[in-house]
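Participant: Mind looking at a prediction? Sequence and model below.
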Protein chains: 2
Amino acid sequence: MQTTFSDIGLRLAGPSGIQELMDDCGAALTTHPDMRMLGGGQPAAIPQVQQLWRERMRTMLDDGSIDRTLLNYDPPGGNPLFREAFATFLKRECGWNVSSENIAVMPSSQSACFLLFNLLAGQTGSSKRRILFPLLPEYIGYANQSLTDGQFTACLPRIVETAPHEIKYHVDFDRLRITPDIAAMCVSCPTNPTGNVLTQNEFDSLHALADAHGIPLIIDNAYGHPFPGVIHSGFQPKWQPGMIFSISMSKVGLPGVRTAMIVADPHIVKALSNMNAVVSLANGNLGQALLMPLLADDTLIKLGPEVIRPFYRERSDFAKSVLASAFGERVPRALHAQEGAFFLWLWINGLPIHSIAASKSAKSSSSPATTSLTASIRSGGIHTNACASPTRSRSTL
Amino acid sequence: MQTTFSDIGLRLAGPSGIQELMDDCGAALTTHPDMRMLGGGQPAAIPQVQQLWRERMRTMLDDGSIDRTLLNYDPPGGNPLFREAFATFLKRECGWNVSSENIAVMPSSQSACFLLFNLLAGQTGSSKRRILFPLLPEYIGYANQSLTDGQFTACLPRIVETAPHEIKYHVDFDRLRITPDIAAMCVSCPTNPTGNVLTQNEFDSLHALADAHGIPLIIDNAYGHPFPGVIHSGFQPKWQPGMIFSISMSKVGLPGVRTAMIVADPHIVKALSNMNAVVSLANGNLGQALLMPLLADDTLIKLGPEVIRPFYRERSDFAKSVLASAFGERVPRALHAQEGAFFLWLWINGLPIHSIAASKSAKSSSSPATTSLTASIRSGGIHTNACASPTRSRSTL
């Protein structure tokens, strides 16, 4: 049977960068269990973190709470007790002025962003409103999330050489324009895939701009504050009314539970909860049940600086030294400053082939090492002509 | 800050029947743990079923497989090993001619339907295509899932009195018209909320009609075949190419894992997987990991007839006898024939107030019994003027 797909169907169901990346990473991990995985945002198997979740699971089995967790539907905005506990945690550990009315639990930050981008932007009465990404390169998974044409726009970065073979992207405030069609701004911080972290000044300026124009500033903290806290600069963005923060459980070793928390004004929280009922009915319960008792103390807030951040820093340093010794001075290149997240962003100036061709070539090799390198290249983790790509990224948004 | 919502945002983010139902049910269960829950599609706490999942969880902890389950992203269409195992299960236990290419894992049948309805229907080039619900009343959770106006249409049923105080809805093939704008037909079987089960003849006729018009027939088996198998008539719909079947883990006691499987032609499976990458990135892993080893034998296929179906039948008979003795001959009423699912569909002819007013009145009572009755009324499980509602249901679609 030949099936006709709708316009929206064709937008969402075609091949996309994020689908190719997830297909590659997922297939590698499930069908090649010995794969040494470098790619995507797949969290590493960190023994202390895995032990924490195993212990929580065992406790839930022993105290019988696993029964409720598997059996019951929660309200679409999340378990009321978890929302309360999470707000208390954010207030105590981060100093944010929030209550449970500011918390929506969502089935991943990916789906939270899908709902947010389409709640805020797209056709709006007789006008068309857009999400503005003020700093490119940005997360590949946003690129196909708009339900209408021309719903995303972006600003090219200012590129600064910070050391020999090292660059940093900055928001280019000289170029950044908040026109009346802009519905919200969105930055992942640390950025997937460059590892860029906003400076306090950039964050404050984006906030002031958003505030002045009465639009939300969305910060996707999947790799950042308050957990997993993989930020080397010490920057900790502070939620304030009008902002929308997304905090994920995935990068503290729990991508399998598909849970993220949105911190926002109550009318945004209510809108997202209502959308979640229609689109997903309810959230998975396991992630909330695993985290809940840990919100009562500083376990989660210490996990980043004491365990997760040093783990990634050590490997990032190692990869950097391997790259340096392999390339020497022969290859004109730069890495983005190591500021956070799980990525190294490599720019090879004047590489004779396109990054996609380099990825395919690595993938066609049968060695596990190059196959996992492929996933990493595809994800932009190691991207062979990053600095040529902002314009292209822009056109694909 | 006053935030402007987009047109699609307003469609999805407003109050809806399914959101009110899930808010009520979820809040009741999480904040009143002693609530005797009657409402919605919340599965009951059946000791043998809960024991099965507890034992699987303990095994996963003991053999260490819980680590991978929590830690890894699967491909967006589901774990390749699970898809293979599920296809083998369906082939062996149900006699369906399927392979892993026919299986897509989705983060709930709710989200699978959201993606399917918008993949197949809505604006399609210069024409507008619709999902046709051939039998009303239908699941309240579909009502708000369309991203465009006029994307759903439905057909009023033929109502047959099958016994004193008992009715059954039938597809009215004299009214059913497959016009060129129809993109697919969809029936939940057993139907949420009436408990109606298609007859073999109705299923065959719908299939023949869909086939003749080259459109998919979607059957939502959340309460039915192959599990949890709460069908009293013995009917077991057989998947055939061109059809789209949805099978959920929720009603075998696992709504907390948010997992459903779609059985469809490979191009539909691929489209849904790609959409899932964009909207949700990946599925939760726990449900697949819990079910996987049980697919190797007939545990799941026997669970319905031996445990789950008799459990609900007994309670359904009891509720029916309570209603009969409470109403006597004073109240003009009928129940839908007990054919399957977890619902009793009550029609009170000439009730002086609207069903929504009856629901609100019950909810305002502080007794747990009436509060849970409320949830049930709201869900349509006990619906006070069901037979007056098909036209209204139609207008809200």
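Facilitator: Sure, I can see it.
Participant: Could you break chain A into its assigned domains?
Facilitator: Domain assignment for chain A, taken from automatic domain parsing, gives A:16-49+A:302-396, A:66-160+A:170-296.
Participant: Residue A:132 is in contact with residue A:206, correct?
Facilitator: No. Counting by CB atoms under 8 Å, residue A:206 stays clear of residue A:132, with 10.1 Å between them. Where you see a C-beta, it was placed from the backbone N, CA and C, and this is true even at glycine.
Participant: Please identify the most buried of the domains of chain A.
Facilitator: domain A:66-160+A:170-296 (a mean of 22; mean count of other CB atoms under 10 Å in any protein chain shown).
Participant: measure it end to end?
Facilitator: End-to-end distance of domain A:66-160+A:170-296 (CA to CA, to the nearest Å): 19 Å.
Participant: follow-up on the earlier one: between residue A:206 and residue A:132, what contacts are shared?
Facilitator: residue A:185 (CB atoms under 8 Å, 6 or more residues apart in numbering or on different chains).
Participant: picking up where we left off before, can I get the domains of chain A in JSON lines including mean pLDDT?
Facilitator: Compiled in JSON lines, those are given as follows (pLDDT from 0 to 100):
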{"stretch": "domain A:16-49+A:302-396", "mean pLDDT": "74"}
{"stretch": "domain A:66-160+A:170-296", "mean pLDDT": "97"}
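Participant: nearest to residue B:43, of the ones you listed?
Facilitator: Closest approach to residue B:43 among the domains of chain A (CB to CB): domain A:66-160+A:170-296, 6.5 Å.
Participant: Let me know the next secondary structure element after the host helix or strand of residue A:289.
Facilitator: In the assignment (DSSP states H and E), residue A:289 maps to helix A:286-291. Next along the chain after helix A:286-291, taking DSSP H and E as the criterion, comes helix A:299-303.
Participant: Give me the distance from the helix holding residue A:289 to the chain's centre.
Facilitator: Once both centres are worked out by CA atoms, centre = their mean, to the nearest Å, helix A:286-291 turns out to sit 20 Å from its chain's centre.
Participant: OK, contacts around residue A:133?
Facilitator: So residue A:133 contacts A:142, A:152, A:153, A:154, A:155, A:185, A:186, A:187, A:397 (CB under 8 Å, 6+ apart).
Participant: So what does it have for phi and psi?
Facilitator: Phi and psi for residue A:133, reported as degrees, to the nearest 10, are phi -90, psi 110.
Participant: circling back: for the contacts of residue A:133, which one is nearest residue A:278?
Facilitator: residue A:142 (21.6 Å).
Participant: Hmm, the closest one is touching residue A:113, no?
Facilitator: Yes. Between residue A:142 and residue A:113 there is a contact under CB under 8 Å: 6.4 Å.
Participant: Now do the shared contacts for the two.
Facilitator: residue A:186.
Participant: Would you mind listing what in the stretch 101-250 of chain A touches chain B?
Facilitator: A:107-108, A:110-111, A:114-115, A:118-125, A:129, A:141, A:144-145, A:147-148, A:183, A:214, A:216, A:241-242 (CB under 8 Å from any CB of the partner chain).
Participant: Out of those, list just those in strands.
Facilitator: Members of these lying in strands (criterion: DSSP state E): A:122, A:123, A:124, A:129, A:183.
Participant: For residue A:92, state which of those is nearest.
Facilitator: residue A:183 (32.7 Å).
Participant: Spit out the contact partners of the closest one.
Facilitator: Residue A:183 neighbours (CB under 8 Å, 6+ apart): A:120, A:121, A:124, A:129, A:130, A:131, A:215, B:4, B:6.
Participant: Of these, just say which sits nearest to residue B:85.
Facilitator: Nearest to residue B:85 among the contacts of residue A:183: residue A:131, at 40.0 Å, using CB to CB.
Participant: Name every strand pairing with the helix or strand harbouring that closest one and say which way it goes.
Facilitator: Using DSSP H and E, residue A:131 maps to strand A:127-133. Next to strand A:127-133 in the sheet, as set by DSSP bridges, lie strand A:122-124 (antiparallel), strand A:152-154 (parallel), strand A:182-188 (parallel).
Participant: In CSV, list those along with distance to residue A:237.
Facilitator: Shown next, in CSV, are these (distance: least, CB to CB, whole Å):
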stretch, distance to residue A:237
strand A:122-124, 27
strand A:152-154, 20
strand A:182-188, 10
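Participant: and of those strands, who's closest to residue B:290?
Facilitator: strand A:182-188 (32.3 Å).
Participant: Pick out the residue in the stretch 51-200 of chain A sitting closest to chain B.
Facilitator: Nearest to chain B in the stretch 51-200 of chain A, going by CB to the nearest CB, is residue A:75, at a distance of 3.2 Å.
Participant: mind exporting the helix or strand where residue A:50 lies as CSV, just the C-alpha atoms?
Facilitator: Using DSSP H and E, the element containing residue A:50 is helix A:47-62. Extracted in CSV, the C-alpha atoms of helix A:47-62 (Å, rounded to 0.1, in the frame of the first residue of the first chain):
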residue,chain,number,x,y,z
PRO,A,47,31.0,3.3,38.3
GLN,A,48,30.0,5.5,41.2
VAL,A,49,27.0,6.9,39.3
GLN,A,50,25.8,3.5,38.2
GLN,A,51,26.2,2.2,41.8
LEU,A,52,24.0,5.1,43.0
TRP,A,53,21.1,4.1,40.7
ARG,A,54,21.5,0.4,41.4
GLU,A,55,21.2,1.1,45.1
ARG,A,56,18.1,3.2,44.6
MET,A,57,16.6,0.5,42.5
ARG,A,58,17.3,-2.1,45.2
THR,A,59,15.8,0.1,47.9
MET,A,60,12.7,0.6,45.8
LEU,A,61,12.3,-3.2,45.4
ASP,A,62,12.9,-3.7,49.1
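Participant: how about the strands in chain A?
Facilitator: Assigned strands in chain A, in chain order: A:103-106, A:122-124, A:127-133, A:152-154, A:158-163, A:166-170, A:182-188, A:217-220, A:243-248, A:260-263, A:333-336, A:346-348 (criterion: DSSP E).
Participant: So for residue B:264, which of these sits nearest?
Facilitator: Ranking these by proximity to residue B:264 (CB to CB) places strand A:103-106 first, at 26.7 Å.
Participant: gap between residue A:148 and residue A:278?
Facilitator: Shown here: residue A:148 relative to residue A:278, a distance of 18 Å by CB to CB, to the nearest Å.
Participant: tell me the helices in chain A, going along the chain?
Facilitator: Per DSSP state H, chain A carries helices over the ranges A:7-13, A:17-31, A:47-62, A:65-71, A:80-89, A:109-120, A:200-212, A:266-280, A:286-291, A:299-303, A:309-327, A:355-364, A:368-378, A:390-396.
Participant: Of the ones you listed, give the one that comes closest to residue B:359.
Facilitator: Closest among these, once you apply CB to CB, is helix A:266-280, at 17.2 Å.
Participant: packing partners for that closest one?
Facilitator: For helix A:266-280, the packing partners by 3 or more CB pairs under 8 Å, 6 or more residues apart in numbering or on different chains; DSSP states H and E come out as strand A:103-106, helix A:109-120, strand A:260-263, helix B:7-13, helix B:17-31, helix B:109-120.
Participant: let's see 10 Å
Facilitator: Applying 3 or more CB pairs under 10 Å, 6 or more residues apart in numbering or on different chains; DSSP states H and E, we find helix A:266-280 packed against strand A:103-106, helix A:109-120, strand A:243-248, strand A:260-263, helix B:7-13, helix B:17-31, helix B:109-120, helix B:266-280.
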